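S.K.: pasted the sequence and its predicted model underneath.
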Amino acid sequence: MIARDMTFAVLVGSLVMFGVAVGCGERSSTPSPEPTTGLPAASGEGDEAKPGDDLELVLTVPDTVPREPIAETPEPEMPSTELFEVDGVALRRLVIARGVEGREPVGASSSFPAGERLYAFLDAQNDTDEDVELYVTFEGPEGRSVGHVILDVPAHSPRWRTWAYSRVIDREGEWEAVVTTMDGQEVGRARFQVDG
């Protein structure tokens, strides 16, 4: 009987020790210095674990890590834009921006400071058999009209990206970039604000 009670005590003691060693799902009250993983350090593309990889993931995070909400970055307000198709010529996009990099607009907005160089970025489509010229102007307050740039769009172009710019958008108020064919038919208009 004593041997049976001793065996039971050893068994219970072993289970208690096993539970302490495994952790029983409880967190340690001692924070780890840094998170660690069993994954290789990323050194570029292709270093991520893929489904089917037999990698062990060990992650320890201190209990005292502060949790801060992720701040959302607001999208810039885009200008009011109207796009039209005229005899097989159309604008897919008309964007007012501070620049163009990699044939895409950068710094697009609906409001800009006066005197800044501004771009009218066009993503045009020409389904006709002839090259087409588009005329871009920037129309401002008090009848101010600047830019006056002619842009070529080749025939049979499903997507032709081009742009015009002006350095003299210098008056406060509401402006518009207006795009027309050379015979005066409007294919696009984008409104934006200029502040002092």
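M.R.: Cool, the structure landed. Residues are numbered from 1 along each chain as shown.
S.K.: count of neighbours near Asp129?
M.R.: Using other C-beta atoms under 10 Å, Asp129 has 8 neighbouring residues. The C-beta positions use only the backbone N, C-alpha and C, and glycine is treated the same way.
S.K.: which residues touch the closest residue to it other than its chain neighbours?
M.R.: Excluding its sequence neighbours, the residue lying closest to Asp129 (C-beta to C-beta, 6 or more residues apart in numbering) is Ala155, at 5.4 Å. By C-beta atoms under 8 Å, 6 or more residues apart in numbering, Ala155 lies in contact with 126, 128-132.
S.K.: Pro141 now?
M.R.: When contacts are counted by C-beta under 8 Å, 6+ apart, Pro141 is found next to 171-175.
S.K.: count of residues packed around Leu83?
M.R.: Residues lying near Leu83 (other C-beta under 10 Å) number 17.
S.K.: try Gln125
M.R.: Residues near Gln125, counting by other C-beta under 10 Å, number 17.
S.K.: in what helix or strand does it lie?
M.R.: According to DSSP states H and E, Gln125 maps onto strand 118-126.
S.K.: partner strands of that strand, parallel or antiparallel?
M.R.: With DSSP bridges as the test, strand 118-126 is paired with strand 89-97 (antiparallel), strand 157-166 (antiparallel).
S.K.: so after it, what's the next helix or strand?
M.R.: Later in the chain than strand 118-126, the nearest helix or strand by DSSP H and E is strand 132-139.
S.K.: flag every buried residue along that following strand.
M.R.: 132, 134-139 (16 or more other C-beta atoms under 10 Å).
S.K.: and for stretch 112-128?
M.R.: Neighbour-count burial for stretch 112-128 [16+ other C-beta under 10 Å]: 112, 118-126.
S.K.: and that stretch, what's its mean pLDDT?
M.R.: Stretch 112-128 carries an average pLDDT of 96.
S.K.: re earlier: which one of the contacts of Pro141 sits closest to Arg92?
M.R.: Among the contacts of Pro141, Trp175 lies closest to Arg92 (C-beta to C-beta), at 21.9 Å.
S.K.: find the nearest non-adjacent residue to the closest one, please.
M.R.: Nearest non-adjacent residue to Trp175 (C-beta to C-beta, 6+ apart): Gly140, at 4.6 Å.
S.K.: using CSV, write out every CA atom in stretch 138-147.
M.R.: This file holds the C-alpha atoms of stretch 138-147, laid out as CSV (Å, rounded to 0.1, in the frame of the first residue of the first chain):
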residue,chain,number,x,y,z
PHE,A,138,-3.9,75.7,-67.4
GLU,A,139,-6.8,78.2,-66.9
GLY,A,140,-6.8,80.3,-63.8
PRO,A,141,-8.6,83.2,-62.1
GLU,A,142,-9.1,86.5,-63.9
GLY,A,143,-8.8,84.9,-67.3
ARG,A,144,-5.2,83.7,-66.7
SER,A,145,-4.1,81.1,-69.2
VAL,A,146,-0.7,79.4,-69.2
GLY,A,147,1.0,76.3,-70.5
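S.K.: buried sites along it?
M.R.: For stretch 138-147, the neighbour count (16+ other C-beta under 10 Å) marks 138-140, 146-147 as buried.
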